[in-house]
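In: what shape does this take:
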Amino acid sequence: MPPSPQNPGLVNWISIIALGAIWGGAFLSTKLALDGFGPWWVASGRVGIAALAITILGAMTGQGMHQIKGLRSWLFICAFGMTSVAAGMALLAFGQQYVPSAFAGISMGAVPLLILPLAAIFSKEEGIGPRRIAGFIVGFIGLAVLMGPKALSSTGRDLETWGQLACVGTAATYAVGSIITRRSPPMPQLAFAAATLWVGTVLLVPIAITLEGAPASLASPAGYALLYAALIPTAVGAVMRVRIIKSAGSVFMSLTSYMVPVWSVIFGVLLLGETITLSMYSGMGLVLGGIAISQSSALLDFWRK
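Out: Now for the predicted structure:
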């Protein structure tokens, strides 16, 4: 049986767990990149380098952008590129200048909740019911517990409120982008990912040049952080995101937003020697419980097999 929103399949479960791990390090790399680049160049660099990498990979694997046919396909590509890529990256890079990384992480937890009404209207085949709504609410509560009071603590910086709004705005663009991807016409996945990133690049680079001048050199710690953010969370993440949404749906894909902070905690323990507190255990338990509730039917079918 092919994967579907009701039965995502083992490959998609592995994919969202892996994507959660990949995106778990994205906020840190973005924060490090902002030490050497302005927010517009961080956003432009991420999408531009990622676009180039996926274009090359697509050409090597027979999924070049020349295979995209029809005005309708390009309308969906432009819509995604303007919202989830250009606006999303710019808002996140701007917001992370003024808010703690923890707040940026918890704001991404709004993605599943924002997707629910959009999917109910534009992607009815994904089956939005009480179980999924309850699971997402439990997951969001777990996310808030996991991140703790520090996520909402004030930094005292100017424009902090605007930074918070920008992070929430990023979550909204990701939710809209997931629905656009789900409803887009059939086309090679690498070609779609590359084309949307090029749209974002074309929009962001002129703004970066106008507002911030020429970019700094990539030969620096901030530059290496930017390269990582572009090649792994952005390029690899974009390809995985398209594949998951097309096969398992935007609602299933949104579960990654709850996995990101869980992986952040795991990385902190394994790489930085941090200690897991009771609130972290409680938060992770609620997050995983929420995922289990929202996907209970698919999980039961999986284990029966």
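In: mind checking pLDDT for the residue lying closest to Ala87 once chain neighbours are set aside?
Out: Nearest non-adjacent residue to Ala87, counting by C-beta to C-beta, 6 or more residues apart in numbering: Thr173, 4.9 Å away. (Each C-beta comes from the backbone N, C-alpha and C, glycine too.) Reported pLDDT at Thr173 in the predicted model: 93.
In: likewise Val205?
Out: pLDDT recorded at Val205 is 95.
In: check Met284 too.
Out: pLDDT recorded at Met284 is 69.
In: Tyr224 now?
Out: Note on Tyr224: pLDDT of 94.
In: for it, what is the enclosing helix or strand?
Out: Per DSSP states H and E: Tyr224 is located in helix 221-229.
In: which strands and helices sit next to that helix?
Out: Contact here means 3 or more C-beta pairs under 8 Å, 6 or more residues apart in numbering; DSSP states H and E; on that basis helix 221-229 packs against helix 26-33, helix 39-60.
In: got these as a markdown table, with distance to Ala214, mean pLDDT and mean neighbour count columns?
Out: Listed next are the helices and strands packed on helix 221-229 as a markdown table, based on distance: least, C-beta to C-beta, whole Å; pLDDT from 0 to 100; neighbours: other C-beta atoms under 10 Å:
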| stretch | distance to Ala214 | mean pLDDT | mean neighbour count |
| --- | --- | --- | --- |
| helix 26-33 | 16 | 80 | 21 |
| helix 39-60 | 9 | 93 | 23 |
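In: out of those, flag the one nearest Val168.
Out: Evaluated with C-beta to C-beta, the helices and strands packed on helix 221-229 place helix 26-33 nearest to Val168, the distance being 14.8 Å.
In: OK, contacts around Gly200?
Out: With contacts defined as C-beta atoms under 8 Å, 6 or more residues apart in numbering, the neighbours of Gly200 are Val47, Ala51, Gly81, Met82, Val85, Ala86, Met89.
In: now with 6 Å, please.
Out: Listed by C-beta atoms under 6 Å, 6 or more residues apart in numbering, the contact partners of Gly200 are Val47, Gly81, Val85, Ala86.
In: next one: Leu211
Out: With C-beta under 6 Å, 6+ apart, Leu211 has these contacts: Trp40.
In: mind listing what's buried along the host helix or strand of it?
Out: If you go by DSSP H and E, Leu211 is part of helix 189-212. Judged by neighbour count (16 or more other C-beta atoms under 10 Å), helix 189-212 contains these buried residues: 189-205, 208, 212.
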